[in-house]
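Q: Have a look; sequence and predicted model below, questions after that.
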Amino acid sequence: MNLEGEVLAGPLTIERSRGYHREWLMSFRGHTTREAIEPWCGHFLSAPADTLTPPAEGEVYVDELAGFVVESVGGGSLGIVSSVLELPAGLMLEVQGPKREFLLPFRKEFVKTVDRARRRLEVELPEGLAE
């Protein structure tokens, strides 16, 4: 698919996949060489949402995080996720707080609860991060 959302070719069936650093290694059914899939490089792969395995309890698709409410473990509102940034250190959530925006690492040390149904994150922030 291109940036306009136009489907250019397909479908491809992912046979195997695994994370590798910040990328994914995949093999596709019926395409046994790298040269066979070279024309796909630089394109987006997409799948209908209803064909994906639903996230497990406490998990969320990264593209769903924008708009989640961010609350402290004690219950105070800290803001709303305005965007998700993929940085070398990992995923960072840009949170629009009542006083200012701040970046929150999307890591288990800070994000204690993910409530996908209520679109809510419960977090424990390091001292001074949201001030």
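A: Perfect, I can see it now.
Q: contacting residues for the spatially most central residue of the chain?
A: Central residue of the chain (CA atoms, centre = their mean): residue 62, 1.9 Å from the mean position. Applying CB atoms under 8 Å, 6 or more residues apart in numbering, we find residue 62 in contact with 84, 91. All C-beta atoms are positioned from the backbone trio N, CA, C, and that covers glycine.
Q: one more time with 10 Å
A: The contact partners of residue 62, by CB atoms under 10 Å, 6 or more residues apart in numbering, come to 84, 86, 91, 106.
Q: Include neighbour count and distance to residue 114 when you put these into JSON lines, please.
A: What follows is the contacts of residue 62, written out as JSON lines (neighbours: other CB atoms under 10 Å; distance: CB to CB, whole Å):
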{"residue": "84", "neighbour count": "16", "distance to residue 114": "13"}
{"residue": "86", "neighbour count": "11", "distance to residue 114": "18"}
{"residue": "91", "neighbour count": "15", "distance to residue 114": "12"}
{"residue": "106", "neighbour count": "21", "distance to residue 114": "9"}
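Q: and the two most separated of those residues?
A: Farthest-apart pair in those is 86 and 106; separation 9.9 Å (CB to CB).
Q: residue ranges of the helices in the chain, please?
A: Using DSSP state H, the helices of the chain run over 34-37.
Q: low-scoring stretches of it, by residue?
A: Across the chain, the ranges flagged by pLDDT under 70 are 1-3, 5, 7-10, 22, 128-131.
Q: any idea how far residue 105 is from residue 50?
A: In this view, residue 105 and residue 50 are 31 Å apart by CB to CB, to the nearest Å.
Q: Show me which of the contacts of residue 62 is closest to residue 38.
A: Nearest to residue 38 among these, counting by CB to CB, is residue 86 at 24.3 Å.
Q: Check the contact between that closest one and residue 94; I expect there is one.
A: No. Using CB atoms under 10 Å, residue 86 is not in contact with residue 94; the gap is 11.8 Å.
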